[in-house]
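S.K.: I need the structure of the sequence given here:
(2 chains, ligands or ions: 1)
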Amino acid sequence: MDIQKRIDELETALKKELENVKTMNDLQNVKSKFLGKKAEISGFMKHMKDLPNEEKPAFGKAVNEGKQRLSGLIENKREELRKAAIEEKLRKETVDVTLDAPDYAPGGVHILNRIVEEIEDLFVGMGYKIKEGPEIETDEMNFEKLNLPKDHPARDMQDSLYITKELLLRTHTSPVQVRTMLEYGGKKPVKIICPGKVYRRDDDDATHSHQFLQIEGLVVDKQTTMSDLKGTLLTIARAMFGEKREIRLRPSYFPFTEPSVEVDVTCANCEGIGCGICKQTGYIEILGAGMVNDFVLRQSGYDPDVYQGFAFGVGIERVAMLKYGIEDIRHFYTNDLRFNTQFK
Amino acid sequence: MKVSLSWLQEYVSLEGITPDELASTLTLRSQEIENVYNLVEADTLIIGEVLDVSKHEKADKLSVCRVDTGKDKLQIVCGAPNVAKGQKVVVALPGATLAGGLRIEKTTLRGVESNGMICSLSELGIEYKYHHEDGIHVLADTAPVGEDALEYLSLNDTVVELDLTPNRSDLLSMHGVAYDVAAIYDRKLKLPMPEIITANQDNPFTIETDTEKCPSYYARILDNVTIAPSPRWLQARLIAAGIRPINNVVDITNYVMIETGQPLHAFDLETLTSEKVLVREAKQGETFVTLDEEKRTLEEGDILITDGQKPIALGGVMGGLDTEVSDSTVSLLLESATFDPRQIRRTSSRLDLRSESSIRFERGVDPEKTRYALDRACAFLATYAKASIRNGVRYFDNHKRKKRIIPITLDKVNKVLGSSYSVNEVQNVFDRLDFSYEEKEGRFLVEAPSRRVDIQTYQDLIEEIGRLKDYNELPDTLPSTVSVGALSPYQQFKRKIRSTLSALGLSEAITYALREKERINDLTRENESPVELSKPLSKAHHALVLTPLTGLFDVVAYNKARKQESVHLFEIGKRYRKNEEPERLGIAMHGPYHPRHWQKTPPTDFFTVKGVVEALQKALRLPELDYEKTTIDNYHPHQTAVVKAGDTTLGHIGKVHPEYAEQYDLEDVYLAELAIDKLYSVAEKDATYRTVAKYPHISRDLALVVDADLPAGELLKTVERTLGERLSESRVFDVFTGKTIGEGKKSLAIRLIFEAREETLQSSDVDADIERVVEALKDTHDARLR
Ligand SMILES: [Zn+2]
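M.R.: I've put the predicted structure just below:
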């Protein structure tokens, strides 16, 4: 018997049968048939003893190699089947990648508080502390200590909401400045900003709100100047409205500062040329400021012969409206989620 | 203050300065300019004479006029009923533009050609309130045909409107504005000096006061007054200033008031009962009829001008009806006085009676102008009302004319402004302002002029220097104060609340603190009355809220009504009390939380909002929180709990009662309220580090049957108490009721996790622990193993 020829025949037969193998089970059956105990190739070794000695090594080698070849074919097929099975499994896990994900959208800090936080961070970076105080204030703290005695015409500028004769909803956060100066006892420098809710007797409409948010700043030290105020205001204006902004100071009047100024920033919409937003002036009014009136320093325990200071106040709603082109101040307090969620 | 530029030019030259330039300069150096406009926004207006008038054949209300315009005789169709032959009128020729941009063209009106328009004052843009004329404006017979009509009427003027701050009372007069313009432009100022010629007959009046609230009172008597319309230029200037011309006497008092800032009042002499003026304070409840025909009830302190017997004017605020100047008036008592600003403010604001005069008195008038204004008005009355002035001015004047000398040094100026101005520069500012001063080595003694009542301190002087030099020329520097900036730990804590809740998908709201009184204790019953406004802004804004939940609940309803499915909100608000305002965190949740649109979303329930609170507990380093079932009005009786940390009550959490929610078209609203100060007080101030366990933990599960109403938290507390430190975690992972468990019972499956940090935990140790736990649960809760 030509052993080599027979092995080649077996290999051909195996290849043919493997072509029809579809499952691991089929493969197992084929494997038994060709390599199992009862398989033809397993019987070849029995013939070896009948062979002359010199032929035995060649015969043995041929049988072993033949087994290895058949076994190799089967293992290749096994790998092929395994890969196909995995691919099939993954194919069944196909997703439509265009479908919506669950809505894990973050909520958000209210746009007004976000602007407050931005301004706070800016000032903290410049060495300021943040001071808060009560919204129900005394007439003394809200007005009298700020050089606004009863019957003063400037009280018209801040028509207020009274609770009793002596208690009212604060019309600005300036009383927090007074409280802080009193707390500091007239001895050490003051460098603070005071954010918070304030109230005026105003009917709500697109540009007026009886409740609004304000940030006031105060620096008191032995050498605080109006130029320091100007540089500080320029810094805020640029931080809030962009590096290209310029500011303009105009004389104004507040009883608690002297000199007092109103501060305009160049219109970001038209770059100062003039447009509808800035009413063709190229400037938009953003805040009020000035050098602290000696009366206020004295009332708050600071000696005006030694100390001088500046103060400023900015309305947060106005900043937000200018920054985002929001047309109606009432949006801030309606809390329509279609509005609130736009500011992430 | 509306400033007529033609009027202003009488005192200071505006040569080479356009109205817009003037406006922007004043804005930067003096006061904000609200508006710049031409008194009449119309052009190509000619004086014409109506030659004849005939009816339009096809239109009843139209007349066909032939009008002589000097050059041409034009046919013009006119709709005004008062048009008549022989009138001198204002004609707008084709090509003219009238107020509101109306273009006049040659046109055909119902078949008849019309070559222009005969104008009313309203069509020129003069508001009705200034003239009360309905038809076309008829000019005097002497009006020159063919001439420019605006020039003839002195209406070719430009007005600059100042938005005055309350301190600059001086700018409530043309003189004051002229001083400022002269200072800003460094131009010469020329103010007129009144010259009067008096009659032989003496002024017989005596003037007395019983009150200090009228520091000065000057009066003159005028006879032979002819009441007539004022000259056209004077009327035009009053209109420019925003005042309606009435007659020469009234107009002149108003004119001089606008010119000098000193209000005047004219009484009809014949209505006075004696030759005496007595100023006194009103008695409580005294009544007086002012010239607007209103009966005013007065209060103690109001200033009354009397003729010794009856009141004749409410001093500084308004004259009396009985003594008013009328068409038949022939003699006048003319008053020029000053009053206590505070009292004028009190009276006028109480009576809601703000007049041109009260506005000036309450801000303070220049006492040096009182006599001047009286004489200035008398001179005008002599010229334009043919009045004769009796000899002598009667008056008292108790003004203490103490000079206000303000010391200031150049050093201080530069130290406050951060500038480096020289002595000369500062001197130049004072010169331009016409402030007198003495200077020696940079030390100034400046005398504040009486017209500038706002100049009281050196700071006021620095303001004058700053504005005239222009603040915008100061350098930009930052404060040299060195300091450490920081948020306080409490402020950082609040920020962490905001960022945590935002990350969890909640949106921050800011709601009004002022609400309807009835709403304050409607949803949450706070067992205390809210703080209320004494004069509420409106019904909707009357009292201060006691919890942010009041506003948040309404925001949920608002958004639900606008078809927003998922409404998850928070707000940091306050419990407003008169003496304290503790901050409160409100949370409101409604609708799917983190919705999965095409997959199944777990329903939002009590545990959704509890989960948010628990997330805060971890983020804010709070101790473990206890939830004790409770009942709160308007909350679900079985889904509401008090939130505690040890003995400290932090707030509550629960579902809004479905019946309450239904009133707002809502269902399933979950709320939580936590006291931020208390959260802060129980929070760990900083993180504490513990080594991570080296060895794996051992976990054991127990299935227990207990009474159905036993809270799982109680069971776990017993477990924790029994095992103490050995136990690292315990939680319920299954809850089950049913027939197999038995009536009134439930099954709780709990998992206990044991962890040893330093050595391998032996299973046998845990076995002993489990035995102890089972025993304790049996004893305490009658729990048995399933
Ligand atoms: Zn612009």
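S.K.: where does the chain dip in pLDDT?
M.R.: You didn't say which chain, so I picked chain A. Applying pLDDT under 70 to chain A flags the ranges A:1, A:153, A:156-158.
S.K.: you looked at the wrong chain, it should be chain B
M.R.: For chain B, the ranges with pLDDT under 70 are B:757-758.
S.K.: so what are the domain limits for it?
M.R.: By the assignment in automatic domain parsing, chain B contains the domains B:2-39+B:158-185, B:45-152, B:198-397, B:404-472, B:489-682, B:698-785.
S.K.: thinking in terms of the whole chain, how far from its middle is the fourth one?
M.R.: Centre-to-centre, domain B:404-472 and its host chain are 32 Å apart (Cα atoms, centre = their mean, to the nearest Å).
S.K.: B:Arg371: which element?
M.R.: Here B:Arg371 sits within helix B:370-384, counting by DSSP states H and E.
S.K.: got the contact list for that helix?
M.R.: B:192, B:194-197, B:216, B:218-220, B:222, B:225, B:228, B:230-231, B:234, B:248-249, B:252-253, B:255-257, B:259-260, B:262, B:264, B:332, B:334, B:336-338, B:387-389, B:393, B:395, B:397 (Cβ atoms under 8 Å, 6 or more residues apart in numbering or on different chains). Any C-beta I mention is one placed from the backbone N, CA and C, and that applies to glycine too.
S.K.: residue contacts, B:Gly308?
M.R.: Going by Cβ under 8 Å, 6+ apart, the list of residues near B:Gly308 reads B:273-274, B:276-278.
S.K.: same question, B:Ile312
M.R.: B:267, B:271-272, B:305-306, B:319-320, B:322-323 are the contacts of B:Ile312 under Cβ under 8 Å, 6+ apart.
S.K.: between the residues you listed, identify the one with the most neighbours.
M.R.: Of all those, B:Ile305 has the most neighbours under the rule other Cβ atoms under 10 Å in any protein chain shown, reaching 28 neighbours.
S.K.: that's a strand at that residue, yeah?
M.R.: Yes - the assignment for B:Ile305 by DSSP: H, G, I helix; E, B strand; the rest coil puts it in a strand.
S.K.: for it, which residues make a bridge with it?
M.R.: B:Val279, B:Ala313 (DSSP bridges).
S.K.: how much space separates it from B:Gly392?
M.R.: 19 Å (Cβ to Cβ, to the nearest Å).
S.K.: helix or strand for A:Leu81, which one?
M.R.: If you go by DSSP H and E, A:Leu81 is part of helix A:56-92.
S.K.: contacts for the helix or strand that that helix is followed by?
M.R.: Next along the chain after helix A:56-92, taking DSSP H and E as the criterion, comes helix A:111-125. Helix A:111-125 is contacted from outside by A:108-109, A:130, A:193, A:195, A:213, A:215, A:217, A:235-236, A:239-240, A:314, A:316-317, A:319-320, A:323-324, A:332, A:340, A:343, B:485-487, B:495, B:498, B:508, B:510, using Cβ under 8 Å, 6+ apart.
S.K.: in helices, which of these appear?
M.R.: Among the contacts of helix A:111-125, DSSP state H puts A:235-236, A:239-240, A:316-317, A:319-320, A:323-324, A:332, A:340, B:495, B:498 in helices.
S.K.: kindly indicate which of the residues you listed lies nearest the ion.
M.R.: Among the ones in helices among the contacts of helix A:111-125, A:Lys323 lies closest to the ion (Cβ to the ion), at 14.0 Å.
S.K.: quick one: contacts for that closest one?
M.R.: Contacts of A:Lys323 by Cβ under 8 Å, 6+ apart are A:115, A:240-241.
S.K.: does B:Arg772 touch B:Gly724 like I think?
M.R.: No - with contacts counted by Cβ atoms under 8 Å, B:Arg772 stays clear of B:Gly724, the gap being 10.6 Å.
S.K.: who has more neighbours out of those two?
M.R.: B:Arg772 (13 against 7).
S.K.: secondary structure element holding the more buried one?
M.R.: Taking DSSP H and E as the definition, B:Arg772 sits inside helix B:763-781.
S.K.: where exactly do the strands run in the stretch 101-250 of chain A?
M.R.: Taking DSSP state E, counting those that start in this stretch as the test, the strands found in the stretch 101-250 of chain A are A:129-130, A:136-138, A:161-162, A:167-169, A:190-199, A:211-221, A:247-254.
S.K.: next, residue 16: secondary structure please.
M.R.: You didn't pick a chain, so chain A it is. Under three-state DSSP, A:Lys16 comes out as helix.
S.K.: neighbours around the residue in chain B that the ion sits nearest to, how many?
M.R.: Chain B approaches the ion most closely through B:Ser24 (15.3 Å), counting by Cβ to the ion. By the criterion of other Cβ under 10 Å, B:Ser24 has 14 neighbours.
S.K.: hang on, it in a helix?
M.R.: Yes - the assignment for B:Ser24 is a helix, going by three-state DSSP.
S.K.: quick check on B:Pro603: phi, psi?
M.R.: phi -70, psi 150 (degrees, to the nearest 10).
S.K.: could you tell me which residues make contact with it?
M.R.: Counting by Cβ under 8 Å, 6+ apart, B:Pro603 has contacts B:Pro592.
S.K.: how close does whichever residue of chain B sits closest to chain A sit to A:Lys188?
M.R.: Nearest residue of chain B to chain A: B:Gly418, at 2.8 Å (Cβ to the nearest Cβ). Distance from B:Gly418 to A:Lys188, counting by Cβ to Cβ: 22 Å.
S.K.: how about B:Tyr255?
M.R.: In terms of Cβ to Cβ, B:Tyr255 sits 57 Å off from A:Lys188.
S.K.: who has more neighbours, these two?
M.R.: With neighbours defined as other Cβ under 10 Å, B:Tyr255 and A:Lys188 compare such that B:Tyr255 has more, 26 against 11.
S.K.: looking at this, that one is in a helix?
M.R.: Yes - assignment of B:Tyr255 by three-state DSSP places it within a helix.
S.K.: and A:Asp121, how many neighbours?
M.R.: 13.
S.K.: follow-up on the earlier one: between the strands of the stretch 101-250 of chain A, which gets nearest to the ion?
M.R.: Using Cβ to the ion, the strands of the stretch 101-250 of chain A put strand A:247-254 closest to the ion, at 13.3 Å.
S.K.: parallel or antiparallel, which strands does the closest one pair with?
M.R.: When DSSP bridges is applied, strand A:247-254 pairs with strand A:257-266 (antiparallel).
S.K.: helix or strand right after the partner strand?
M.R.: strand A:283-292.
S.K.: need the contact list for B:Ser422.
M.R.: B:Leu410.
S.K.: apologies, that question was intended for A:Asp221.
M.R.: A:189-191, A:307-309, B:479-481.
S.K.: got the phi and psi for the residue nearest to B:Arg29 when sequence neighbours are not counted?
M.R.: Closest residue in space to B:Arg29, ignoring its immediate chain neighbours: B:Ile184 at 4.9 Å, by Cβ to Cβ, 6 or more residues apart in numbering or on different chains. As for B:Ile184, its main-chain torsions (degrees, to the nearest 10) stand at phi -70, psi -40.
S.K.: appreciated, that's everything.
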